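Engineer: pasting the structure only:
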């Protein structure tokens with residue numbers, strides 16, 4: 001099968017589409033014929049070698065943790081899915097680094113799958129799992145409830161787009177940061193207050209907030225706008241010892257846990273048109289295409305998700 005691999009850590013030129021063996025599935029897994037995948041910040045950070053301490057992979061490595069496609073084989077223990085089902089998933093991270101989503105086929109544990117909503121394309125479905133699950137689970141970690149105020153940093157980013165919508169669905173007041181050309185987008189998603197971070201520091205405008213979801217590493221300012229007893233979670237940076245020891249506010253890091261049941265919650269919201277998907281761009285599954293997709297993601301200026309179309 002064709003897959004985009006890296007043979008060493010480095011820049012986008014290390015990505016290459018080539019032929020490798022199709023993965024074998026275990027009893028609790030299915031084999032998905034991928035139609036589309038997407039690019040996330042963890043992808044290019046992994047390519048650069050920034051996750052080596054967490055994942056001691058063996059080369060060649062196949063990156064990618066978003067997929068949408070059709071099931072072509074099932075393990076003996078799989079009962080909830082069948083061959084032909086259209087699915088999407090954020091698979092587990094492979095300990096060897098060879099079973100990523102930048103490939104024509106990926107082995108996926110059945111408990112990480114959800115049925116693809118019928119009202120969206122495979123490209124749209126591939127834009128959901130990692131970013132959507134992160135948004136859903138981080139809002140839970142923040143203990144967000146109706147009537148509270150939350151700041152979501154980078155509202156036009158992959159996670160921010162879903163977090164705004166989910167927070168509004170929960171009944172919260174949502175402030176977000178965005179560049180001027182993305183103000184109308186985040187407002188259309190439900191943001192109540194939009195701050196141009198180029199011009200105005202958030203702590204000059206916001207105070208006494210119940211929750212902050214940090215996706216950009218602006219930890220100190222995020223903590224500053226919290227009220228006593230408020231909750232802060234970052235998905236993009238490491239807390240200092242001093243930040244960890246803050247006692248009057250709940251300051252945490254967040255890490256996604258792949259979960260098919262949570263993905264099904266997102267699928268239901270999409271099916272009922274309560275959750276919009278925003279795609280920035282779509283690239284072909286070629287060496288040039290995958291490199292260009294990474295370059296686009298690394299600009300930090302994508303308006304929604306960057307997609308790679310693997311098969312028609």
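Structural biologist: Good, I have the coordinates. In this text, all values refer to a predicted model and were calculated from it rather than measured experimentally.

Engineer: Scan this structure for its longest strand.
Structural biologist: strand 29-39 (DSSP state E).

Engineer: For that one, name the packing helices and strands.
Structural biologist: Under the contact criterion of 3 or more CB pairs under 8 Å, 6 or more residues apart in numbering; DSSP states H and E, strand 29-39 touches strand 67-74, strand 86-89, strand 105-109, helix 122-126, helix 287-298, strand 305-309. Where C-beta positions appear, they are placed from N, C-alpha and C, glycine not excepted.

Engineer: which residues sit against the third one?
Structural biologist: What that stands for is strand 105-109. 1, 22-26, 28-34, 67, 69, 72, 87, 89, 91-92, 99-100 (CB atoms under 8 Å, 6 or more residues apart in numbering).

Engineer: now swap in the second one and tell me
Structural biologist: Applying CB under 8 Å, 6+ apart, the external contacts of strand 86-89 come out as 30, 32, 66-71, 81, 108, 112-116, 122, 125-126, 128-129, 258, 260, 263, 267.

Engineer: residue boundaries of the strands in the stretch 151-300 of the chain?
Structural biologist: 173-177, 193-195, 209-214, 226-234, 250-253, 279-284 (DSSP state E, counting those that start in this stretch).

Engineer: Would you mind giving those strands as a markdown table with mean pLDDT added?
Structural biologist: Listed next are the strands of the stretch 151-300 of the chain as a markdown table, based on pLDDT from 0 to 100:
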| stretch | mean pLDDT |
| --- | --- |
| strand 173-177 | 97 |
| strand 193-195 | 96 |
| strand 209-214 | 98 |
| strand 226-234 | 97 |
| strand 250-253 | 96 |
| strand 279-284 | 97 |
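
Engineer: want to throw those strands into JSON lines with mean neighbour count and distance to residue 148?
Structural biologist: What follows is the strands of the stretch 151-300 of the chain, written out as JSON lines (neighbours: other CB atoms under 10 Å; distance: least, CB to CB, whole Å):
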{"stretch": "strand 173-177", "mean neighbour count": "25", "distance to residue 148": "7"}
{"stretch": "strand 193-195", "mean neighbour count": "19", "distance to residue 148": "14"}
{"stretch": "strand 209-214", "mean neighbour count": "25", "distance to residue 148": "4"}
{"stretch": "strand 226-234", "mean neighbour count": "19", "distance to residue 148": "9"}
{"stretch": "strand 250-253", "mean neighbour count": "18", "distance to residue 148": "13"}
{"stretch": "strand 279-284", "mean neighbour count": "17", "distance to residue 148": "30"}
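
Engineer: Distance to residue 154 added to those, as a markdown table?
Structural biologist: Listed next are the strands of the stretch 151-300 of the chain as a markdown table, based on distance: least, CB to CB, whole Å:
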| stretch | distance to residue 154 |
| --- | --- |
| strand 173-177 | 6 |
| strand 193-195 | 11 |
| strand 209-214 | 9 |
| strand 226-234 | 12 |
| strand 250-253 | 17 |
| strand 279-284 | 13 |
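
Engineer: Identify whichever of those strands lies nearest to residue 6.
Structural biologist: strand 279-284 (16.9 Å; CB to CB).

Engineer: Can you give me the domain assignment for this protein?
Structural biologist: 2-128+277-309, 131-253 (automatic domain parsing).

Engineer: In contact with residue 223, which residues?
Structural biologist: Here residue 223 is in contact with 212, 232, 243, 246, 249, 251 (CB under 8 Å, 6+ apart).

Engineer: Where does pLDDT dip in the stretch 1-150 of the chain?
Structural biologist: Scanning the stretch 1-150 of the chain for pLDDT under 70 picks out nothing.

Engineer: which residues in it form helices?
Structural biologist: 41-48, 122-126, 129-141 (DSSP state H, counting those that start in this stretch).

Engineer: Take the ones you listed and lay them out in a markdown table including mean neighbour count and distance to residue 5.
Structural biologist: Formatted as a markdown table, the helices of the stretch 1-150 of the chain follow (neighbours: other CB under 10 Å; distance: least, CB to CB, whole Å):
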| stretch | mean neighbour count | distance to residue 5 |
| --- | --- | --- |
| helix 41-48 | 20 | 11 |
| helix 122-126 | 25 | 19 |
| helix 129-141 | 24 | 20 |
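
Engineer: Would you format those as CSV with distance to residue 159 included?
Structural biologist: Below are the helices of the stretch 1-150 of the chain laid out as CSV (distance: least, CB to CB, whole Å):
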stretch, distance to residue 159
helix 41-48, 9
helix 122-126, 15
helix 129-141, 5
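
Engineer: what's the closest of the ones you listed to residue 310?
Structural biologist: The nearest among the helices of the stretch 1-150 of the chain, by CB to CB, is helix 122-126 at 8.7 Å.

Engineer: Contacts for that closest one next, please.
Structural biologist: So helix 122-126 is contacted by 35-38, 66-69, 86, 88, 116-117, 277, 279, 282, 305, 307, 309 (CB under 8 Å, 6+ apart).
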